[in-house]
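S.K.: Could you look at this predicted model? Sequence included:
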Amino acid sequence: MDNIGDVLLAGPCVRAVAAHVDSVTLLTGPRGRAGGDLLPGVEQVLTWCAPWIDPEPPAVTSVNIEAFVHRIRALDIDLALILTSFHQSPLPLALLLRMAGVPWIGAISDDYPGSLLDLRHRVEGDPPEAERALSLAEAAGFRLPPGDDGKLAVRQPLPKVCDLTGEPGYVVVHPAASVPARQPSSSRSAAIVAALASAGHRVIVTGGSSDRPLTGAVAGRHAIDLGGATTLPELAAVLRDASVVVVPNTGPAHLAAAVGTPVVSLFAPVVPAERWAPYGVPVAMLGDQRAPCRGSRARECPVAGHPCLDSITPEQVVMVAGELSAGRRERLRTGGVS
């Protein structure tokens with residue numbers, strides 16, 4: 001019920017369930033809907049804005065709640081798994097699903113669920129979010145089928161994007177994140193792009209429609225600016241054909257992982273990296289993970305100068321991007337996983 005990245009991280013769990021049932025309906029929030037449309041194993045995607053999760057929540061009204069409950073009841077669902085991030089409660093949604101007549105519900109819950117859950121799954125430690133969600137499916141009796149490596153994935157085929165990007169082998173820089181605390185300053189991102197171009201990389205800058213002023217400033221005269229120029233499937237294809245993606249902790253980081261591309265992760269420690277780092281691909285983690293904002297879940301940077309990310313030097317990015325690009329070329333040459 002959260003953002004695109006959260007939905008993509010649920011992919012292994014969804015595939016595990018889909019391997020054992022007739023059909024899977026995925027319920028997402030409006031911010032994650034496009035990610036749901038990309039997940040293998042999903043037959044249909046429903047969208048509803050959960051007032052306890054969305055950062056700009058709608059008012060709680062009996063009309064809205066009753067309409068949602070009626071909509072779910074009409075689907076005649078046999079079983080529901082509620083997938084949440086580690087800091088979210090599944091119990092509000094469990095209550096509404098019970099009201100809609102769903103007979104069996106499982107979720108990860110630290111809080112006592114009473115009769116709201118049939119399976120109260122507990123997770124110890126700080127596993128990556130993808131593994132945390134998959135563990136719920138396994139606890140409910142659903143395991144990944146043979147041959148499924150449990151990594152993130154998207155539906156295939158993806159669109160052709162060579163008209164936008166040229167030949168594969170470029171570096172993508174995605175400067176924006178869903179909240180300001182998780183993205184470098186515009187000037188730092190622009191310096192990173194300039195340094196990558198000076199080092200001989202062909203650079204493409206990506207972003208959504210609302211990011212166009214940022215992507216234009218970051219790309220400058222050094223890179224191709226694709227801000228607002230792609231759908232999510234097209235963005236997935238752009239990331240797939242990159243040698244490496246430079247990106248903060250945001251949905252496209254997980255989209256890059258889902259298409260198998262190495263990531264230079266510009267990671268602000270406002271949430272734990274062990275949970276939210278790009279999953280299942282080679283990753284170079286940059287950013288001060290001991291900064292004062294650590295674990296704050298801040299949306300706006302609480303420290304003057306944004307030191308956790310703006311302490312990253314362009315030279316550091318160039319070095320690790322080159323290492324990851326070379327590693328990917330070698331794996332492709334030898335027939336290994338990209």
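M.R.: In hand now; what should we look at?
S.K.: Run through who's touching the lengthiest helix in the chain.
M.R.: Across the chain, the helix with the greatest residue count (assigned by DSSP state H) is helix 314-333. Contacts of helix 314-333 from elsewhere in the structure, counted by Cβ atoms under 8 Å, 6 or more residues apart in numbering, are 171, 188, 191-192, 194-196, 199, 201, 243-244, 246, 261-264, 266, 282, 284, 286, 336-338. Any C-beta I mention is one placed from the backbone N, CA and C, and that applies to glycine too.
S.K.: just the buried members of the residues you listed?
M.R.: Neighbour counting with 16 or more other Cβ atoms under 10 Å marks 171, 188, 191-192, 194-196, 199, 201, 243-244, 246, 261-264, 266, 282, 284, 286, 338 as buried within the contacts of helix 314-333.
S.K.: domain parsing for this protein?
M.R.: Here the domain assignment for the chain is 4-139, 162-333, based on automatic domain parsing.
S.K.: chain center to the shortest one: distance?
M.R.: By that I understand domain 4-139. Per Cα atoms, centre = their mean, to the nearest Å, the displacement of domain 4-139 from the mean C-alpha position of its chain is 16 Å.
S.K.: Repeat that for the last one.
M.R.: Taking Cα atoms, centre = their mean, one finds the center of domain 162-333 at 13 Å from the center of the full chain.
S.K.: if you average pLDDT over that domain, what comes out?
M.R.: For domain 162-333, the per-residue pLDDT values average out at 96.
S.K.: same deal with the first one?
M.R.: Mean pLDDT, computed over domain 4-139, is 97.
S.K.: now the end-to-end length of it.
M.R.: End-to-end distance of domain 4-139 (Cα to Cα, to the nearest Å): 25 Å.
S.K.: can you put the domains of the chain in TSV and add distance to residue 155?
M.R.: As requested, the domains of the chain are exported to TSV (distance: least, Cβ to Cβ, whole Å):
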stretch	distance to residue 155
domain 4-139	5
domain 162-333	8
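S.K.: count of residues packed around the residue lying closest to residue 108 once chain neighbours are set aside?
M.R.: Among residues not flanking residue 108 along the chain, residue 121 sits closest, at 4.9 Å (Cβ to Cβ, 6 or more residues apart in numbering). Close neighbours of residue 121, defined as other Cβ atoms under 10 Å, add up to 18.
S.K.: Was I right to think residue 121 contacts residue 135?
M.R.: Yes - checked against Cβ atoms under 8 Å, the pair residue 121 and residue 135 is within contact range at 7.0 Å.
S.K.: Between those two, which contacts overlap?
M.R.: In terms of Cβ under 8 Å, 6+ apart, residue 121 and residue 135 are both contacted by the residues residue 108.
S.K.: re the thing from before, of the contacts of helix 314-333, which belong to helices?
M.R.: Among the contacts of helix 314-333, the members falling in helices (DSSP H) are 188, 191-192, 194-196.
S.K.: that older thread, identify whichever of the domains of the chain lies nearest to residue 145.
M.R.: Each of these was checked against residue 145 via Cβ to Cβ, and the shortest separation belongs to domain 4-139, namely 4.3 Å.
S.K.: picking that back up, export the longest helix of the chain as CSV, just CAs?
M.R.: Written as CSV, here are the backbone C-alpha positions of helix 314-333 (Å, rounded to 0.1, in the frame of the first residue of the first chain):
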residue,chain,number,x,y,z
PRO,A,314,32.1,13.0,-7.5
GLU,A,315,35.5,11.2,-7.6
GLN,A,316,34.1,8.4,-5.3
VAL,A,317,31.1,7.9,-7.6
VAL,A,318,33.3,7.8,-10.7
MET,A,319,35.6,5.2,-9.1
VAL,A,320,32.9,2.8,-7.9
ALA,A,321,30.8,3.3,-11.0
GLY,A,322,33.8,2.2,-13.1
GLU,A,323,34.3,-0.9,-10.9
LEU,A,324,30.7,-2.0,-11.1
SER,A,325,30.6,-1.4,-14.9
ALA,A,326,33.7,-3.4,-15.4
GLY,A,327,32.3,-6.2,-13.2
ARG,A,328,29.1,-6.3,-15.2
ARG,A,329,31.0,-6.4,-18.5
GLU,A,330,33.1,-9.3,-17.2
ARG,A,331,30.0,-11.3,-16.0
LEU,A,332,28.3,-10.8,-19.4
ARG,A,333,31.5,-11.9,-21.2
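S.K.: returning to what we had before: out of the domains of the chain, which one sits most buried?
M.R.: Mean neighbour counts were taken over these using mean count of other Cβ atoms under 10 Å, and the top value, a mean of 20, falls to domain 162-333.
S.K.: Tell me how far the closest residue in space to residue 201 that isn't next to it in sequence lies from residue 192.
M.R.: Spatial nearest neighbour of residue 201, chain neighbours left out: residue 171 (4.5 Å); criterion: Cβ to Cβ, 6+ apart. Residue 171 sits at a distance of 10 Å from residue 192 (criterion: Cβ to Cβ, to the nearest Å).
S.K.: Need the residues touching each of these two.
M.R.: residue 246.
S.K.: contacting residues for the residue nearest to residue 108?
M.R.: By Cβ under 8 Å, 6+ apart, the contact list for residue 121 reads 106-109, 135-136, 139-140.
S.K.: All set, thanks.
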